[in-house]
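*Asks:* Generate a structure from the sequence data that follows.
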Amino acid sequence: MDRYAPLRHRTIALVGLMGVGKSSVGRRLANALTLPFRDADTEIEAAAGCSISEIFNNLGEAAFREGERRVIARLLDQEPHVLATGGGAFISSETRTLIKSKSISVWLKADLSVLARRVSRKDNRPLLAGKNPMDVLQSQADARYPTYAEADVIVETGDAAHHVTVDQVIRALSDHIEAHPS
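*Replies:* Numbering: from 1, shown residues only. Here you go, the predicted structure:
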């Protein structure tokens with residue numbers, strides 16, 4: 001019997017702060033479940049024909065969020081897959097409603113010091129430009145955690161290796177599906 005079959009009936013949408021591993025864990029989760037993987041940020045860049053940083057710089061965050069909502073709506077109409085969303089996607093009530101109605105949402109949560117270390121390694125995050133990563137992450141956590149808490153499943157990832165986090169997510173999803181059969 002295929003123990004992962006129940007996990008393939010709906011899209012699994014990963015939400016959480018930048019640096020928590022939505023893309024890297026998402027790829028591995030998709031591989032483990034033999035599901036396609038989609039990264040909302042990559043899809044947004046493809047649709048816009050430019051980088052997220054360029055969208056933020058040229059059009060502003062509001063335009064980016066509207067494009068993000070449209071792309072996520074399109075992705076959620078596809079066959080079940082693992083979807084890595086941007087850190088702010090779930091904050092939009094319209095996008096959150098789409099995610100909650102068409103997928104199982106999973107909040108990946110890690111200690112802010114771990115996230116600050118991770119996001120400091122790259123300079124491709126427009127919300128961090130010229131700012132202290134820990135200050136930005138603390139501000140985002142204060143603002144976003146109450147909304148992230150609306151996710152169907154919450155997984156505290158710690159600073160574990162990706163395969164450990166994938167196992168945690170699979171267990172949490174299995175428990176959720178068992179408790180909430182559709």
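*Asks:* Which positions within stretch 165-176 qualify as buried?
*Replies:* 165, 166, 168, 169, 170, 172, 173 (16 or more other C-beta atoms under 10 Å). All C-beta spots, glycine's among them, are computed from the backbone N, C-alpha and C.
*Asks:* let me fix that: stretch 55-69
*Replies:* Under 16+ other C-beta under 10 Å, the buried positions of stretch 55-69 are 55, 56, 64, 65, 67, 68, 69.
*Asks:* Mind checking which of the buried residues of stretch 165-176 are in helices?
*Replies:* Mapping the buried residues of stretch 165-176 onto helices (DSSP state H) picks out 165, 166, 168, 169, 170, 172, 173.
*Asks:* isn't the fourth one right next to residue 107, touching?
*Replies:* No - the pair formed by residue 169 and residue 107 falls short of the contact definition of C-beta atoms under 8 Å, at 10.4 Å.
*Asks:* what do these two both touch?
*Replies:* 153, 155 (C-beta atoms under 8 Å, 6 or more residues apart in numbering).
*Asks:* Just grab the bridge partners of residue 37 for me.
*Replies:* Residue 37 has the following beta-bridge partners by DSSP bridges: residue 82.
*Asks:* how about it, what does it touch?
*Replies:* 26, 27, 29, 30, 31, 81, 82, 84.
*Asks:* What subset of those is buried?
*Replies:* 26, 27, 29, 30, 81, 82, 84.
*Asks:* which ones among those are found in helices?
*Replies:* Using DSSP H, the buried ones among the contacts of residue 37 in helices are 26, 27, 29, 30.
*Asks:* Specify which member of these is nearest to residue 6.
*Replies:* residue 29 (14.6 Å; C-beta to C-beta).
*Asks:* Done for today, thanks.
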